[in-house]
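[1] give me a model of this one.
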Amino acid sequence: MSERPVFRLPFQFEEYLTERLRLRTMREADLGDILAYQSRADVCEYLLYEPRDRETLAARIAKWSEQSTLASDGDFLELAVEHRSEARVIGDLYFMLERAEHGCAAIGWAFHPGYSGQGYATEAAMEVLRLGFDSIGLHRIVAEVDPRNAASVALCRRLGMRKEAHLIENIWFKGRWADTDVYALRETEWRDRPDATPPPSPRSPSNHVGHEGHG
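    Here you go, the predicted model:
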């Protein structure tokens, strides 16, 4: 019998740097950058929320900026993805502990369409997977996407996630029943994953995990 795994929790987030990006907690000063894409109908098409106005988004950023610790079920990070050379937020990543006892988490994302097709979403999301698997030692990370959302489906595949389930009309979504595809990656699959990734999708991805359930 194997020993029960020990996950490195609580985990205190500090900013992460990639070649082109800075992943950090949100700040009040990010409002204009984030509003530039979260107020767009095309970005919100497959997200659980409608396009946000300045007042609504300012209140959420104030809440999200206080979230930096992962310790128990429901704890989450809503991270700003800052373009380092432009000092501009071009997207956000959501990461939530779903079942801390079992090392399970969920990931979500939204990016400004003006920065699509350049691999930024892949670069940022890969760093969050690295945080989950390498820094915390999690067992499994999932993403839930609308199967019509080709950009997010493609991103899941670039991240090495595999499709585990297709849920039929499992969610009442913007006036209609909608399906959900569940993609997942286990720690052993992360370790065995090849380094190479396919080219980025031409459309900026967004998926409907998180972004609403965290209030």
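[2] which residues of this structure score low on pLDDT?
    Counting by pLDDT under 70, the ranges of the chain that qualify are 195-204, 208-215.
[3] how about the helices in it?
    31-38, 41-44, 54-64, 120-130, 150-158, 187-192 (DSSP state H).
[4] include distance to Arg24 when you put those into TSV, please.
    To be clear about C-beta, it is placed using only N, CA and C from the backbone, and glycine gets the same treatment. Listed next are the helices of the chain as TSV, based on distance: least, CB to CB, whole Å:
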stretch	distance to Arg24
helix 31-38	13
helix 41-44	21
helix 54-64	11
helix 120-130	11
helix 150-158	21
helix 187-192	23
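[5] isn't Glu78 right up against Gln67?
    Yes: taking CB atoms under 8 Å as the definition, Glu78 is a contact partner of Gln67 at 6.2 Å.
[6] and those two? Which one has more around it.
    Taking other CB atoms under 10 Å, Glu78 and Gln67 do not tie; Glu78 has more neighbours (21 against 18).
[7] tell me the spacing between the more buried one and Glu169.
    From Glu78 across to Glu169, the span is 28 Å (CB to CB, to the nearest Å).
[8] could you pull out the strands for the protein?
    Taking DSSP state E as the test, the strands found in the chain are 11-12, 16-17, 21-25, 69-70, 76-83, 88-99, 104-111, 140-145, 162-173, 176-186.
[9] who wins for proximity to Ala154 among the ones you listed?
    For the strands of the chain, proximity to Ala154 was assessed by CB to CB; strand 140-145 is nearest, at 10.0 Å.
[10] what comes up buried for stretch 108-127?
    Across stretch 108-127, burial judged by 16 or more other CB atoms under 10 Å covers 108-113, 115-116, 119-127.
[11] same deal with stretch 3-20?
    For stretch 3-20, a neighbour-count test (16+ other CB under 10 Å) marks 7, 9, 11, 13, 16, 20 as buried.
[12] how about the fourth one: what's its closest non-neighbour residue?
    Going back to what we said before, that points to Phe13. Ser68 (4.8 Å; CB to CB, 6 or more residues apart in numbering).
[13] you'd agree that neighbour is up against Pro10?
    No: applying CB under 8 Å as the test, Ser68 and Pro10 come out as separate, 10.3 Å apart.
[14] please name the bridge partners of the residue lying closest to Glu15 once chain neighbours are set aside.
    Distance criterion CB to CB, 6+ apart; nearest residue to Glu15, sequence neighbours excluded, is Arg24 at 4.0 Å. When bridges are called by DSSP bridges, Arg24 pairs up with Ala80.
[15] ends of stretch 131-149, what's the gap?
    The first and last residues of stretch 131-149 sit 25 Å apart, counting by CA to CA, to the nearest Å.
[16] now stretch 106-120
    For stretch 106-120, the first and last residues are 19 Å from each other (CA to CA).
[17] how about stretch 70-80?
    Stretch 70-80 has an end-to-end distance of 17 Å (criterion: CA to CA).
[18] which parts of that stretch are buried?
    70, 75-80.
[19] and for stretch 17-37?
    By neighbour count with 16+ other CB under 10 Å, stretch 17-37 contains the buried residues 20-26, 30-31, 33-35, 37.
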